[in-house]
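S.K.: Need a 3D model of the following:
(one chain, ligands or ions: 1)
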Amino acid sequence: MSKIVVLGAGVSGLTSALCLYEEFPERIQDLTIVASEFVGDYHAHDFTSPWAGANWASFAKIDDFEQIERDKAAYLKFLQLSKTDPSSGVKPYMLKFCFLKEKGLPWYIQQKFVKNIAMLSDEELRFRNLDPALYYGVEFQSFTVTPTVYNTYMLAKLRKLGAKIKRVARLDLITDVVALLGYVPDLVVNATGINAGKLLRLEEPAELEKLHPVKGQIVQIYEDLPFQVMVEGLPKELNAQSGQFLNIFPRAEGGCIVGGIMAKGDWSNTVNKELNESILKVCRYHVPELKATTVYNSYVALRPGRQGGVRIEFSEYRLGGQSQTLKVVHNYGIGGAGYQSSYGSARQVCELASQVLGRRKTSSKL
Ligand SMILES: Cc1cc2nc3c(=O)[nH]c(=O)nc-3n(C[C@H](O)[C@H](O)[C@H](O)COP(=O)(O)OP(=O)(O)OC[C@H]3O[C@@H](n4cnc5c(N)ncnc54)[C@H](O)[C@@H]3O)c2cc1C
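M.R.: Modelled structure (predicted):
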C-alpha cells in the first residue's frame, strides 16, 4: 500500500489522480492532492485550467505517434462522457475547421479517427470569406468542455474515492513536499504546469529554460452557436496580429468563448483591448451566422509551453539528511492541449507509476 501525492489540481493533476485510482485500486493507501490553486480560483493567470476553450482538435503532427495516442485516448473518453454523463460538462459539437491547404489534412482526418467527417463545400468556404483555392474546410465531431464544470466533476469523483485535498502556499522546491507532509511519500506526481521549472530549478536547471508561457486571450459573448469554428492562417485583409487565429466554441450552458492568440514568451497579465476588437472582427468575418457579439467578459491566461513538448517522465531526487529518495512522475508542459490529451497523458503517468506501485489493472471504468 502506497502513499501518493499529486502536486497540482489542474486538468493534468486531477486526471492523473483519477487514473491512478482506477489502475491501482488496491495499492493506494492514501492519495493527497496538494496545490496552491483549485477549481473555482480565478486569481492566477498562470493556473491555466480554468481558462481553456476547451475543445478537442489535436495539434499532433502526423508522425508524432505518442501525442496522437494521448489525444486519441482523451477523444474516446470525451465521447463516452458526453453520452453517459452530461453532468461532466463535456458536450458534443460539430467543429468546422478551416486552414490553408499547404498545411495538409490533420492526422485524425487522414486516419478517419474522429466521428462524422465531411469536407466543407466551396460554397460554404466562400460564405465564410475564405478562398476555396487556398483553404480546406473539414467538419467532424468534437466536444466542448466547460473547465469549471469538468474540474469540479473530477474533484467530486476524487473525494468519493477517498482522496484528500490540501491547499498550500506555492511550494518553492519539489522536495519541500516532504517537510509539508512530515513524511516521504512513495510517489509524487508533478502536475504543476508552467511553474514546474521553478520547482525543479535545483535538481534540473534545464527545465527552467525549457518551460515558457504561451499567452492566450479570450472574449466571452452571450450569443450561442450550434457548432464550433476554427480558422487558422487568417486572410491578410483582416490585418490580424502575429499568432492570431479564430476559435469559437459554444458552451453547454450557453454563450461562446471566442479566441484567440498564441503569444509565446509573454508572461504578462494584461488584456489587449485592440486584440479584443480584432478577435471580434475576425469572428464576424468568418461566422456570418452570428448577428451580434455581446461581450460579457475577456481575459488572458498562460498555456504551459515546453521546448520538446509535454514531459511525462520518471525522476528520483536525493533528499538532504534522508536515506530515502523522492520518486516523481512528471506530467507538465502540455501547452494548448491539456484537455484534449488529458486521458492519454494520465495513462502514461500510470505506466510510469507502476515502477513504484506494481502491476496495473487494465480495465477502464472511470
Ligand atoms: C486561452 C486558452 C485556451 C485553451 N484552449 C484549450 C483547448 O481548447 N483544448 C485543450 O485541450 N487545451 C486548451 N488550453 C490549454 C489547457 O488549458 C492547458 O493545457 C491545461 O489547463 C494545463 O493544465 P495543467 O493541469 O497541466 O496546469 P494548470 O492548470 O496550470 O495546473 C497547475 C496546478 O499546479 C499548482 N501549482 C503550480 N505551482 C505550484 C507550486 N509551486 N506549489 C503548489 N502548487 C502549485 C497550481 O495551483 C495548479 O493547481 C487552453 C489554454 C488557454 C490559456
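S.K.: And for whichever residue of the stretch 251-366 of the chain sits closest to the ligand, the neighbour number?
M.R.: Of all residues in the stretch 251-366 of the chain, residue 338 sits closest to the ligand, at 2.2 Å by Cβ to the nearest ligand atom. Where C-beta positions appear, they are placed from N, C-alpha and C, glycine not excepted. Per other Cβ atoms under 10 Å, the neighbour tally for residue 338 reads 27.
S.K.: Distance check, the nearest residue to it once chain neighbours are set aside against residue 50.
M.R.: In this structure, residue 338 finds its nearest non-sequential neighbour in residue 11, 5.0 Å apart by Cβ to Cβ, 6 or more residues apart in numbering. Counting by Cβ to Cβ, to the nearest Å, the gap from residue 11 to residue 50 is 10 Å.
S.K.: Show me whatever sits in contact with both of the two.
M.R.: Shared contacts of residue 11 and residue 50, defined by Cβ atoms under 8 Å, 6 or more residues apart in numbering, comprise 147, 151.
S.K.: Please say which of these two ends up with more neighbours.
M.R.: Applying other Cβ under 10 Å to residue 11 and residue 50 shows that residue 11 carries more neighbours, namely 30 against 20.
S.K.: Enumerate every residue touching the more buried one.
M.R.: By Cβ under 8 Å, 6+ apart, the neighbours of residue 11 are 49, 52, 147, 150-151, 154, 338-339, 342.
S.K.: Then residue 185?
M.R.: So residue 185 contacts 3-5, 32, 177-178, 326 (Cβ under 8 Å, 6+ apart).
S.K.: for the stretch 251-366 of the chain, what are the low-confidence residue spans?
M.R.: 362-366 (pLDDT under 70).
S.K.: residues in it within reach of the ligand, list them.
M.R.: 259-260, 301, 303-304, 332, 334, 336-340 (Cβ under 6 Å from any ligand atom).
S.K.: out of these, which is most surrounded?
M.R.: Among these, residue 332 has the most neighbours (other Cβ under 10 Å), with 30 neighbours.
S.K.: phi, psi of that residue?
M.R.: phi -150, psi 160 (degrees, to the nearest 10).
S.K.: Likewise for residue 202?
M.R.: Torsion angles, degrees, to the nearest 10, at residue 202: phi -90, psi -40.
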